[in-house]
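Predicted model, plus sequence, below.
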Amino acid sequence: MLYLDDERVAQFERDGFLLVENAVEEHALASMRAQFAEWVETSRSHERAWGETVDGRARFDLEPGHRRERPALRRVNAPTDVADIFLEVVRDSRMTDAVADLIGPNVKFHHSKINSKLPGAATAVKWHQDFPFTPHSNDDLVTALLMLDEVTDDNGPLRVVPGSHRGRIHDLWHDGVFTGAVDDEVARECEAAAVACTGPAGSVCLMHTRLLHGSAPNRSRQPRTLFIAVYSAEDAVPCSPNPVPNRNQGELVRGVSTHRIRCGDFDIPLPQMPESASFFDQQAKA
């Protein structure tokens, strides 16, 4: 049974993104929010990134300036590995149904993370596309950004360039350095064409992997926390290591395995794996 109607699917194909409200059950949203709040409290006792993912990198990443009285937990890598509620939502929710309507019927899970901008957070995300970070044999990948908090124009919302998924794949390498961002000229063009993705808690922004996007710092007193899950079509095969390796990567969440590979027509450089807990450091160093 389809969750999205033809009009919404056509909107995604045209714009490269789609906003859907009530993407998870209320009890699931409450559980995810409560779990993240626990992690924020735990962060007060840490001065640097901590925890360990399956490849040994830190699971919990702190923004520069984090301190006990003003915690700034900005990234949780692979929360599906350490909290069942996130894996449950990835596997079976209205969010999963919507993704299957866009790139299904056969869908795999790739990775997940939480990106948070607590009140006053200075972290900005420079303009980029996701596909150069996670190249596959074809580009039927969707990044689902589930809003755990209400997202407004003031608390650092995701900003996207409608229709940019139909354009070229931008190089994130500049002068031999993997910057994780497009060049300055493209970034200026993005700023001029950007629209903000806002909505109540429980909404999801479904974003094509080639859509140009970024976000500004949170200048408000309200948090902006996103649970981000990346899905691919079953016949899209990864061409580089998973930047957020996890125990469930490659798990089939909808449909069946076809044991086939489908290839698209593109040529892009391989990404550089982040050495630290997140790509925020790659963008900052660049």
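Yep, it's here. Numbering: from 1, shown residues only.

Pick out the residue nearest the middle of this protein.
In the chain, the C-alpha nearest the mean C-alpha coordinate belongs to I228, at 4.0 Å (C-alpha atoms, centre = their mean).

Run through the bridge partners of that residue.
Beta-bridge partners for I228, by DSSP bridges, are K113, L145.

Relative to L211, how far out is A193?
As judged by C-beta to C-beta, to the nearest Å, A193 and L211 stand 12 Å apart. Using the backbone N, CA and C atoms, a C-beta is placed for each residue, glycine as well.

Check K108 too.
Between K108 and L211 the computed distance is 20 Å (C-beta to C-beta).

just V76 next, same as before
Distance of V76 to L211, computed by C-beta to C-beta: 23 Å.

repeat for V107
Between V107 and L211 the distance, using C-beta to C-beta, works out to 18 Å.

go on, Y3?
21 Å.

What is the burial count for G180?
Counted with other C-beta atoms under 10 Å, the neighbours of G180 add up to 23.

What of V253?
The burial metric for V253, expressed as a neighbour count using other C-beta under 10 Å, is 20.

So it belongs to a strand, correct?
Yes. For V253, which was evaluated using DSSP: H, G, I helix; E, B strand; the rest coil, the result is membership in a strand.

thinking it is in contact with P105, fair?
No. Using C-beta atoms under 8 Å, V253 is not in contact with P105, being 11.1 Å away.

How many neighbouring residues does P105 have?
For P105, the number of neighbouring residues by other C-beta under 10 Å comes to 11.

what's the answer for L2, then?
Here the count is done by other C-beta under 10 Å, and L2 has 12 residues near it.

Tell me which residues touch the nearest residue to it once chain neighbours are set aside, please.
Of all residues beyond its chain neighbours, the one nearest L2 is D101 (5.5 Å), with distances taken as C-beta to C-beta, 6 or more residues apart in numbering. Contact criterion C-beta atoms under 8 Å, 6 or more residues apart in numbering gives L2, Y3, L4, V9 as the residues in contact with D101.

make it 6 Å
Residues touching D101, when contacts are defined by C-beta atoms under 6 Å, 6 or more residues apart in numbering, comprise L2, Y3, L4.

Output stretch 30-45 as PDB, nothing but the C-alphas.
What follows is stretch 30-45 as a C-alpha-only set of coordinates in PDB (Å, rounded to 0.1, in the frame of the first residue of the first chain):
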ATOM      1  CA  ALA A  30       8.900  11.000  22.600                       C
ATOM      2  CA  SER A  31      11.300   8.000  23.100                       C
ATOM      3  CA  MET A  32      13.800   9.400  20.700                       C
ATOM      4  CA  ARG A  33      13.700  12.900  22.300                       C
ATOM      5  CA  ALA A  34      14.000  11.400  25.800                       C
ATOM      6  CA  GLN A  35      17.000   9.300  24.700                       C
ATOM      7  CA  PHE A  36      18.800  12.300  23.200                       C
ATOM      8  CA  ALA A  37      18.100  14.300  26.300                       C
ATOM      9  CA  GLU A  38      19.900  11.600  28.300                       C
ATOM     10  CA  TRP A  39      22.900  11.800  26.000                       C
ATOM     11  CA  VAL A  40      23.000  15.600  26.400                       C
ATOM     12  CA  GLU A  41      23.000  15.200  30.200                       C
ATOM     13  CA  THR A  42      25.800  12.600  29.900                       C
ATOM     14  CA  SER A  43      27.800  15.000  27.700                       C
ATOM     15  CA  ARG A  44      28.100  17.400  30.700                       C
ATOM     16  CA  SER A  45      30.700  15.100  32.200                       C
END
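
Thank you, goodbye.
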